[in-house]
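S.K.: Quick one, structure for this:
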Amino acid sequence: MNILKKLKFSAFTLLVISMYLGCVKDDGFSTPKVDCVAPEISATNTIAQVKDMYTFGGATKIETDVIIEGYVVSSDKSGNIYKSLSIQDKPENPTAAIKISIDQSDIYTTYNVGRKVYVKLKGLAVGYSFGSIQIGKAADTELGRIPALEVKDHIIRSCEVVEITPKVVTIDELNETMLEMLIQIENVQFKTSELGNSYGNIKNSTTENRTLESFNSNCNLTGEVQLRNSGYSDFKNQLLPEGKGSVIAIFSNYYEDFQLYIRDTEDVKFTEARCDYSNVLTPNSSLLEITAMYQNGLVEFGVENNYVVEGYVVSSDASGNFKNRLIIQDAVENPTAGVQLLIDKDLIFEAYNSGDKVFVKFDKLYMNKVDGVLTIGYPKGTGITKIETSKVGSFIFNSGENFAITPTEISISDINNSAYKNTLVTVTDVQLTVNELGKAFAFFTGVNDGIRTIESCNEPIKLGVATSGEATFANEKFPEGSGAITGVLTSNLELRKIEDVAFTDAYIECPIIIPKIMITEVADPKNSVSSRFVELYNAGDSEIDLTGWRLNKYVNGATTASSSPVVFSGIIIPVGGFVIIANTGFADMFSLIPNIESTYISGNGDDVYELVDNSENRIDVFGVIGEDGNGTNWEYLDGQAIRNLDINEPNKIFTISEWSCSSDANNILITNPNTPKNAPNGFSPNLR
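M.R.: Got it, this is the predicted structure:
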């Protein structure tokens, strides 16, 4: 009986299964079709218009019925993109895109790639987060994530799902207008030094950047960009592919740094052979030849000269010095030339560390001196400014090789030798000047940069040791012994780390030299504001190194000096010699190159100048601090003030009897009223 029941049950089961299978098509199972009801909603504004609603200073709350539409391009399925949704305004050739910050995981299950969505912004906010404009929820003045329970109230799915065509761009074309778009970059490969690594960090959950390099059809290197990989992605343990091809990614940023996020490894399609890095950049010039092109004016390298040099990094911003600056020299030891590059990049040492061999392409770059230092970067007027963050990788390429740099050993008397500029040196037999003892590298309280003066006894030359107020050792006490100090020699000596100071011997008391540096002429030519200048003169019997000295200006009766005074560095004034500090038009007007060119020198007849030594002691002064010069006995409007020839000592207290003043003003108190002076004939720089 039990056997019969079992047979009946088996037969019934087979009948049900056969009936079910009979309803299934030959091409396999299909997902049951679910009817979609289109939402009754329409956009009131574009993504671009919403981004324009943001006002700097905090999250901008949306109080009106603003609705935008867009197509989902991101996916958090692999875990590489976290709690955010990126949408763009069109599935192909988009013009705007934006990130939406959401406090929810597995977003892809509701908002899949290609899905058209509407975003109701009333009750949300537009804000600035990590360098980009995003949509989220206002949390006081900050931008937070949209709470999970509110997401479906604000982000409405449509029934439309389309194929997204990535925007094909080159690394050079990347810009802020493309942020959060789905892009595709062709002809890229991972940097040679990255090969053998996985996408992420296999030891922990920290995020890893991997560098992608791009090439043209001739396998010439054209740029690089960072591929950012989460430590929580499910592909973090996969090895980077070794070929070359295309990458599809969400284009994003971290402040000024551009970066890419892949949705999964299917976005990386490397099917071609790699470009041979050794043939990508072949040096065709030397740093010595490049620096020799400088002839006291702006150097333009052009766009077709294809200058490529090899160099070795000698700077490091790991301890806070060398901010936005990379310094390279032409050899690991006994270099013949070096140069400074200005780059808009933080944590430079992570990409270009001390000792790294790099290649630099000079096309589209310029060279000039910045604060006396030969510098390369973008042009700004006749000066040099920083290379944009996103463009740095198009000019400076790391070979992946690192070498131990041997500093060149020199004495303090060698510091003005141009062969040592922008190179790593060790200055021997030096110590702090007596007035610097007990001070910190930069400050004990405060945030200002610091320049500490070092010397060798019986040598007139002094050397400034510059430390950024942002350096990790800025508040450490400068060692008080004597010995050697290693650093990059620019207009000062710049340290890479605190260990660069090796003062192992006892301090030596050097003989004291009393300087006699005087202000001897203050000029305000009527016909040329940009030709104003101040002249200094050494009336003593010893040449004086002015490193660390300052020229302060007090404007319109001010009792405090104007900010950014003229700071002297590497200037030695011989006995009977002059130093000219001048505005930017002086050289053209007088056919004479000033020792220091600065727009700070802009006294207009009623301003005070004060000369201060490296111990912040006043040495000399022209004018009365706290007094506006208009109508006084020292007014020099459209004229000049000249120190009388019988005066051969500086004076800490301004004494008008030591001066002769000429002015366009009808002022009977001055020596020569109604006597304007036109440059150049009415003035005598470098002559007393």
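
S.K.: what sits against residue 199?
M.R.: Residues near residue 199 by Cβ atoms under 8 Å, 6 or more residues apart in numbering: 208, 210, 229, 233, 235-238, 240, 265. In this view, the C-beta of every residue, glycine as well, is placed from N, C-alpha and C.

S.K.: Sort out which of those residues are buried, if you could.
M.R.: Buried residues within the contacts of residue 199, counting neighbours by 16 or more other Cβ atoms under 10 Å: 208, 210, 229, 233, 235-236, 240, 265.

S.K.: Out of these, which is nearest to residue 107?
M.R.: The shortest gap between residue 107 and any of the buried ones among the contacts of residue 199 belongs to residue 233, at 14.8 Å (Cβ to Cβ).

S.K.: Tell me how far that closest one lies from residue 257.
M.R.: Distance of residue 233 to residue 257, given as Cβ to Cβ, to the nearest Å: 19 Å.

S.K.: any residues touching stretch 429-444, and which ones?
M.R.: For stretch 429-444, using Cβ under 8 Å, 6+ apart, the contacting residues are 411-412, 448-450, 452-456, 462-463, 465, 467-469, 471, 473-478, 480-485, 495, 498, 503, 507-510, 512, 614-615.

S.K.: Start and end of stretch 611-624, how far apart?
M.R.: With Cα to Cα, to the nearest Å as the measure, the ends of stretch 611-624 fall 13 Å from one another.

S.K.: Only C-alpha atoms, please: export stretch 79-95 in CSV.
M.R.: Output in CSV follows, covering the C-alpha atoms of stretch 79-95 (Å, rounded to 0.1, in the frame of the first residue of the first chain):
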residue,chain,number,x,y,z
GLY,A,79,32.1,48.4,-3.7
ASN,A,80,34.5,50.8,-5.4
ILE,A,81,32.1,53.7,-5.4
TYR,A,82,30.7,54.4,-1.9
LYS,A,83,27.3,56.0,-1.0
SER,A,84,27.1,58.2,-4.0
LEU,A,85,25.2,58.3,-7.3
SER,A,86,26.6,60.1,-10.4
ILE,A,87,24.2,61.3,-13.1
GLN,A,88,24.7,63.2,-16.3
ASP,A,89,22.3,65.2,-18.5
LYS,A,90,22.5,63.0,-21.6
PRO,A,91,23.4,59.4,-22.3
GLU,A,92,25.8,60.5,-25.0
ASN,A,93,27.9,63.6,-25.3
PRO,A,94,26.8,65.0,-22.0
THR,A,95,27.3,68.7,-21.1
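
S.K.: Redo the buried ones among the contacts of residue 199 as JSON lines? Include secondary structure, distance to residue 195 and pLDDT.
M.R.: Output for the buried ones among the contacts of residue 199, formatted as JSON lines (DSSP: H, G, I helix; E, B strand; the rest coil; distance: Cβ to Cβ, whole Å; pLDDT from 0 to 100):
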{"residue": "208", "secondary structure": "strand", "distance to residue 195": "14", "pLDDT": "94"}
{"residue": "210", "secondary structure": "strand", "distance to residue 195": "10", "pLDDT": "94"}
{"residue": "229", "secondary structure": "strand", "distance to residue 195": "15", "pLDDT": "96"}
{"residue": "233", "secondary structure": "coil", "distance to residue 195": "19", "pLDDT": "97"}
{"residue": "235", "secondary structure": "coil", "distance to residue 195": "17", "pLDDT": "97"}
{"residue": "236", "secondary structure": "coil", "distance to residue 195": "17", "pLDDT": "96"}
{"residue": "240", "secondary structure": "coil", "distance to residue 195": "6", "pLDDT": "97"}
{"residue": "265", "secondary structure": "helix", "distance to residue 195": "16", "pLDDT": "97"}
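
S.K.: Farthest-apart pair in those residues, please.
M.R.: Taking Cβ to Cβ, no two of the buried ones among the contacts of residue 199 sit farther apart than 208 and 265, at 14.4 Å.

S.K.: continuing past the helix or strand hosting residue 50, what's the next helix or strand?
M.R.: Using DSSP states H and E, residue 50 sits in helix 47-52. Next in sequence after helix 47-52, counting helices and strands by DSSP H and E, comes strand 60-61.

S.K.: List the pairing partners of that next one within its sheet, with orientation.
M.R.: Counting by DSSP bridges, the strands paired with strand 60-61 are strand 125-129 (antiparallel).

S.K.: as a whole number, average confidence for the partner strand?
M.R.: Over the span of strand 125-129, the pLDDT mean works out to 93.

S.K.: Export whichever helix or strand comes after that strand to PDB, keeping only CA atoms.
M.R.: Per DSSP H and E, the first helix or strand lying C-terminal to strand 125-129 is strand 132-139. The C-alpha coordinates for strand 132-139 follow below in PDB (Å, rounded to 0.1, in the frame of the first residue of the first chain):
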ATOM      1  CA  SER A 132      33.400  69.600  -6.300                       C
ATOM      2  CA  ILE A 133      29.800  70.700  -6.300                       C
ATOM      3  CA  GLN A 134      27.400  68.000  -5.100                       C
ATOM      4  CA  ILE A 135      23.800  67.400  -4.100                       C
ATOM      5  CA  GLY A 136      23.100  66.300  -0.500                       C
ATOM      6  CA  LYS A 137      21.400  67.200   2.700                       C
ATOM      7  CA  ALA A 138      22.400  70.400   4.600                       C
ATOM      8  CA  ALA A 139      23.900  69.700   8.000                       C
END
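
S.K.: Buried ones in stretch 167-183, by neighbour count?
M.R.: 167, 169, 171, 174, 178-183.

S.K.: again with stretch 213-220
M.R.: Buried-residue list, stretch 213-220, by 16+ other Cβ under 10 Å: 213-215.

S.K.: what residues are up against residue 649?
M.R.: Per Cβ under 8 Å, 6+ apart, neighbours of residue 649: 516, 518, 539.

S.K.: now, which of the residues you listed lie within strands?
M.R.: Secondary structure from DSSP state E places residue 518 of the contacts of residue 649 in strands.

S.K.: Residue 355: which of the contacts of residue 649 is nearest?
M.R.: For the contacts of residue 649, the closest approach to residue 355 (Cβ to Cβ) belongs to residue 516, at 45.7 Å.

S.K.: Which pLDDT value belongs to that closest one?
M.R.: pLDDT recorded at residue 516 is 95.

S.K.: Roughly how far does it sit from residue 650?
M.R.: Noted for residue 516: a distance of 6 Å to residue 650, by Cβ to Cβ.

S.K.: list residues touching both of those two?
M.R.: Common neighbours of residue 516 and residue 650 (criterion: Cβ under 8 Å, 6+ apart): residue 539.

S.K.: For the residue most central in space within the chain, which residues are in contact?
M.R.: Note on the chain: the residue nearest the mean C-alpha position is residue 344, at 2.5 Å, using Cα atoms, centre = their mean. Taking Cβ under 8 Å, 6+ apart, we find residue 344 in contact with 256, 324, 386-389, 392.

S.K.: Quick one, which of the contacts of residue 649 are buried?
M.R.: 516, 518, 539.

S.K.: what about the nearest residue to residue 568 once chain neighbours are set aside, neighbour count?
M.R.: Spatially, and ignoring its direct neighbours in sequence, residue 568 is nearest to residue 546 (3.9 Å; Cβ to Cβ, 6 or more residues apart in numbering). Residue 546 has 26 neighbouring residues, counting by other Cβ atoms under 10 Å.

S.K.: So residue 546 versus residue 611, what's the distance?
M.R.: For residue 546 relative to residue 611 (Cβ to Cβ), the value is 9 Å.

S.K.: Between the two, which contacts overlap?
M.R.: Residues touching both residue 546 and residue 611 by Cβ under 8 Å, 6+ apart: residue 517.

S.K.: the strands in the stretch 51-200 of the chain, which residues?
M.R.: For the stretch 51-200 of the chain, the strands defined by DSSP state E, counting those that start in this stretch cover 60-61, 67-72, 84-88, 97-103, 115-120, 125-129, 132-139, 142-144, 146-147, 155-161, 167-168, 182-190.

S.K.: for the longest one, packing partners?
M.R.: The one in question is strand 182-190. strand 167-168, strand 208-215, strand 244-254 (3 or more Cβ pairs under 8 Å, 6 or more residues apart in numbering; DSSP states H and E).

S.K.: If we use 6 Å, what do you get?
M.R.: On a contact count with 3 or more Cβ pairs under 6 Å, 6 or more residues apart in numbering; DSSP states H and E, strand 182-190 meets strand 208-215, strand 244-254.
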